[in-house]
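**Student:** Take this sequence and fold it.
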Amino acid sequence: MQPPRRPSRVVFTAFALLLGTMAANAAATTPPNFLLIIADDCTYRDLGVYGGQARTPHLDRLAAEGMKFTRCFQAAPMCSPTRHALYTGLYPVKSGAYPNHTFAHDWVRSIAHYLAPAGYTSHLSGKTHVAPESVFPFARTRLAADPDPNPDPAAFAAVLRDSAAAKKPWLFIAASNEPHSPWNKGNPAAYPPGRVELPPVLVDAPDQRDAFSRYLAEITYFDSQVGQLLAELDRSGQRDNTVVVVLSEQGNSFPFAKWTCYDAGLASGCIVRWPGRVAPGSVTHALVEYVDVVPTFLEAAGLPRPGILDGRSFLPVLTGRATSHKSHVFGLMTTRGINNGSPYYGIRSIRDIRYRYILNFTPEAIFENAATADSTFKTWEKMAAAGDARARRLVEDYRRRPAEELYDCEADPWNRNNLIADPRLAAVRADLRSRLDTWMRAQGDEGQVTEMKALERMPKRGGADGEGTAKKKKKQSAN
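**Tutor:** Numbering: from 1, shown residues only. All right, here's what the predicted structure looks like:
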C-alpha cells in the first residue's frame, strides 16, 4: 500500500499566491481574530458546563454566549497526535504524527501557514507537543512563573495591544497543561473524596476517590485560566470581532478514557463564541472533528480550503445555516513507543451518530499504558485478586479486548456493552467496518504494518518538541 502522495512545492506556491490574491480582494472587510483554548486530558463529561461535577463558571458563561457542541471528536486519544491534527487539519497517519511524542512530515503545513498571506500573526502559548517548528511556525510563549507549560495571559495581552496598533488580525492558541496529572493545582477541598461520584468505569477505592477529587479541582483551575484570557479579551475591545473556541482535548488519564478509542477517550467538549454570528445559548448535535477546525477558521477568514486537508468547515453549523455536518468520525490509537505501553496494540475506530465500531489489530496482546502502571490501577488489581468481582471485570476488560467491538453510544455512553455478536446489528457492523477500511486505505494506513513503524515517527521519545519541565519529569509515566 502506497502512502498518500505528498503535494509538490509548485502546489503550495500556487496556493500561497491564491491566498494572497484573495486576501487583497478582501481588504475592505475586517477578518476575525481567533482565540483557541485547549485543556489537557479532560473528559468532557466532567465539565460542569456539560453536566459534570467540576464547577466551570467561565465556561458556563461562554456557552450562554455561544454554541455548545455535544458530538465533537478527535482522531487520537493522546496529546501529540491530537494537537498535530488540530493545527494541520490532517488525520494522524497522513501527517505522519500518529504515535505520541511524534512529529509531522516536512511537507505538512499548519494553520500558521494558511493564515499568514491574509496578514495574520500566529501565536502558541503554553504546551506545544508538536514538531518540527518549520511545520508549526508559531510565535511561542509560556507562563514563566509556572513549572508547567501553561499559557501566559500577559503574552496574550501583548498580542492584543500589538495587533491593535498594527491593525493586523491574530490567532492565539492558549494550550493549557491542565487538568493533566498529577493534579496539583486548584482546591481539592471543594471536592471531598467521600462525596464525589465516580464514573461507572472506575473502581471505588480511597486512592481512586482522592485522585478523582484532585482531578476535578484542576478542571476548575483550567476554567479560571479560561476566565483570565476572556477578561483580557474583554479589556482589549476586540471581543466582538474574535472567534473563541474552547476544547477539552481527549479524556482523562484514568482507565477507559485517554489511550482508548471509546467515546470517553475520543469525545471532546467544544464551545464556540462569535458575537453577532453564533446564536447565544445554542446547542448543536452535529458530528464534528478536530481536523475540521482549520478549514472552519479559514472560511471564517474568507480564505480557501486547501485540497490536501481532511477536515471540512463547520461554519454553516455555527451560523445556523446547517444542523448537521459529518455522517462519520474516525479515531486511532498506537501503544508502540508510548510510556509504559504495550510493544504493539493498534486500534482503529469509526462512529456515526449512534454507533461506535472498534477494530483491535492484536487482541491476543495485553493492552498496557500509563494507566495500568499507575498506583490506583494496582489497587484495582489487588481488589480483584481479593475477590472483588467488579474490580476483576474492569481490570480484565481493560487489559484484554476482543478483535471487534460495537457500542450503542446513545444507550451506553461509556461503551461497556459490546454488541458485536448481536445479529440485529450485523448490517451496522458491516457498514461501519467497510467505511473504516476505506478510510484507512485513503490515509495510507496499513494497519499492523503501520503500527510497527511507529518508532520511526518518534525521534525523541519523551517529547518530540523538547519540553523538559519539572512537572513533566514527575509525571512522565502519564504522558
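**Student:** Would you map the helices across the stretch 201-350 of the chain?
**Tutor:** In the stretch 201-350 of the chain, the helices defined using DSSP state H, counting those that start in this stretch lie at 206-236, 263-266, 293-300, 315-318.
**Student:** what's the third one in contact with?
**Tutor:** For helix 293-300, the external contacting residues (CB atoms under 8 Å, 6 or more residues apart in numbering) are 31-32, 34, 36, 86-89, 110-111, 114-115, 171, 243, 245, 274, 304-305, 309, 311-315, 318. Any C-beta I mention is one placed from the backbone N, CA and C, and that applies to glycine too.
**Student:** The helices of the stretch 201-350 of the chain into TSV, with extra columns for mean pLDDT and mean neighbour count?
**Tutor:** Below are these laid out as TSV (pLDDT from 0 to 100; neighbours: other CB atoms under 10 Å):
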stretch	mean pLDDT	mean neighbour count
helix 206-236	98	20
helix 263-266	98	26
helix 293-300	98	23
helix 315-318	98	22
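**Student:** ok so, going back, from the contacts of helix 293-300, list the buried ones, please.
**Tutor:** Neighbour-count burial (16 or more other CB atoms under 10 Å) applied to these gives 31-32, 34, 36, 86-89, 110-111, 114-115, 171, 243, 245, 274, 305, 309, 311-315, 318.
**Student:** Show me these that map onto strands.
**Tutor:** Among these, the ones falling in strands (DSSP state E) are Phe34, Leu36, Leu171, Val243, Val245.
**Student:** Taking the residues you listed, tell me the two that lie furthest apart.
**Tutor:** Leu171 and Val245 (10.7 Å; CB to CB).
**Student:** any common contacting residues for these two?
**Tutor:** Phe34, Leu36.
**Student:** mind checking how far His101 is from Cys261?
**Tutor:** As judged by CB to CB, to the nearest Å, His101 and Cys261 stand 19 Å apart.
**Student:** I meant Asn150, not that one.
**Tutor:** 28 Å.
**Student:** Pro200 too?
**Tutor:** Pro200 is 18 Å from Cys261, by CB to CB.
**Student:** Same check on Phe138?
**Tutor:** 29 Å.
**Student:** So between those two, which is more surrounded?
**Tutor:** Cys261 (26 against 20; other CB atoms under 10 Å).
**Student:** Quick check: the nearest residue to that one once chain neighbours are set aside vs Ala154, distance?
**Tutor:** Excluding the flanking residues, the one nearest Cys261 by CB to CB, 6 or more residues apart in numbering is Ser349, at 3.8 Å. Separation of Ser349 from Ala154 (CB to CB) stands at 41 Å.
**Student:** Which one of the two is surrounded by more residues?
**Tutor:** Remark: of Ser349 and Ala154, Ser349 carries more neighbours, 27 against 14, as counted by other CB under 10 Å.
**Student:** Hmm, that one is touching Asn360, no?
**Tutor:** No - counting by CB atoms under 8 Å, Ser349 does not reach Asn360; the two are 9.6 Å apart.
**Student:** Show me the shaky parts of the stretch 1-150 of the chain.
**Tutor:** For the stretch 1-150 of the chain, the stretches with pLDDT under 70 are 1-29.
**Student:** let's see 90
**Tutor:** The stretch 1-150 of the chain contains residues with pLDDT under 90 at 1-30, 145.
**Student:** where do the strands sit along it?
**Tutor:** Ranges of strands within the stretch 1-150 of the chain are 33-38, 67-73, 121-126, 139-141, based on DSSP state E, counting those that start in this stretch.
**Student:** So which of the ones you listed is nearest Thr284?
**Tutor:** Nearest of those to Thr284, taken as CB to CB: strand 67-73 at 5.6 Å.
**Student:** what are the bridge partners for Ala267, then?
**Tutor:** Phe73 (DSSP bridges).
**Student:** make that Ile37, sorry
**Tutor:** According to DSSP bridges, beta-bridge pairing links Ile37 with Ala174, Val246.
**Student:** How is this structure partitioned into domains?
**Tutor:** 15-327, 332-478 (automatic domain parsing).
**Student:** Could you look over those and pick the most buried one?
**Tutor:** domain 15-327 (a mean of 21; mean count of other CB atoms under 10 Å).
**Student:** Distance from stretch 223-231 to the middle of the chain?
**Tutor:** 19 Å (CA atoms, centre = their mean, to the nearest Å).
**Student:** again with stretch 285-292
**Tutor:** Here stretch 285-292 is found 11 Å from its chain centre; the criterion is CA atoms, centre = their mean.
**Student:** Pretty sure Thr56 sits against Leu216.
**Tutor:** No - using CB under 8 Å, Thr56 makes no contact with Leu216, being 10.4 Å away.
**Student:** my guess is Trp439 contacts Phe330, does it?
**Tutor:** Yes - the criterion here is CB under 8 Å, and Trp439 meets it with Phe330 at 5.4 Å.
**Student:** what touches both of these two?
**Tutor:** Ile350.
**Student:** need the helices for the stretch 351-479 of the chain, in chain order.
**Tutor:** Counting by DSSP H, counting those that start in this stretch, the helices of the stretch 351-479 of the chain are 370-373, 375-385, 389-399, 426-443, 448-452, 470-474.
**Student:** Let me know which of those is the nearest to Lys127.
**Tutor:** helix 470-474 (9.7 Å).
**Student:** ok, and what's touching stretch 401-415?
**Tutor:** Against stretch 401-415 from outside (CB under 8 Å, 6+ apart): 45, 199-201, 256, 262-264, 351, 354-360, 363, 367, 416-420, 422, 425, 428-429, 432-433.
**Student:** Can you give me the end-to-end span of it?
**Tutor:** 13 Å (CA to CA, to the nearest Å).
**Student:** mean confidence for that stretch?
**Tutor:** The average pLDDT for stretch 401-415 rounds to 98.
**Student:** Distance check, Ala267 against Ala154.
**Tutor:** 33 Å.
**Student:** For the nearest residue to Arg273 once chain neighbours are set aside, give me its contacts.
**Tutor:** Nearest residue to Arg273 in three dimensions, chain neighbours excluded: Gly66, at 3.2 Å (CB to CB, 6+ apart). By CB under 8 Å, 6+ apart, the contact list for Gly66 reads Val244, Ile271, Val272, Arg273, Trp274, Val278, Pro280, Ser282.
**Student:** Give me the contact list for stretch 355-365.
**Tutor:** Contacts for stretch 355-365 (CB under 8 Å, 6+ apart): 261-263, 342-351, 400-409, 415, 425, 428-429, 432-433, 436, 447-448, 451.
**Student:** Give the rounded mean pLDDT of it.
**Tutor:** Averaged over stretch 355-365, pLDDT sits at 98.
**Student:** just use 11 as the starting number from now, easier for me
**Tutor:** Sounds good: first residue 11 from here, last item stretch 365-375.
**Student:** Quick check: phi and psi at the residue nearest the centre of the chain.
**Tutor:** Ranked by distance to the mean C-alpha position of the chain (CA atoms, centre = their mean), the top residue is Glu259 at 3.3 Å. Main-chain dihedrals, Glu259, degrees, to the nearest 10: phi 60, psi -170.
**Student:** dump the residue contacts of the nearest residue to it once chain neighbours are set aside.
**Tutor:** Distance criterion CB to CB, 6+ apart; nearest residue to Glu259, sequence neighbours excluded, is Ala49 at 5.2 Å. By CB under 8 Å, 6+ apart, the contact list for Ala49 reads Ser186, Glu188, Pro189, Ile229, Phe232, Val256, Leu257, Ser258, Glu259, Gly279.
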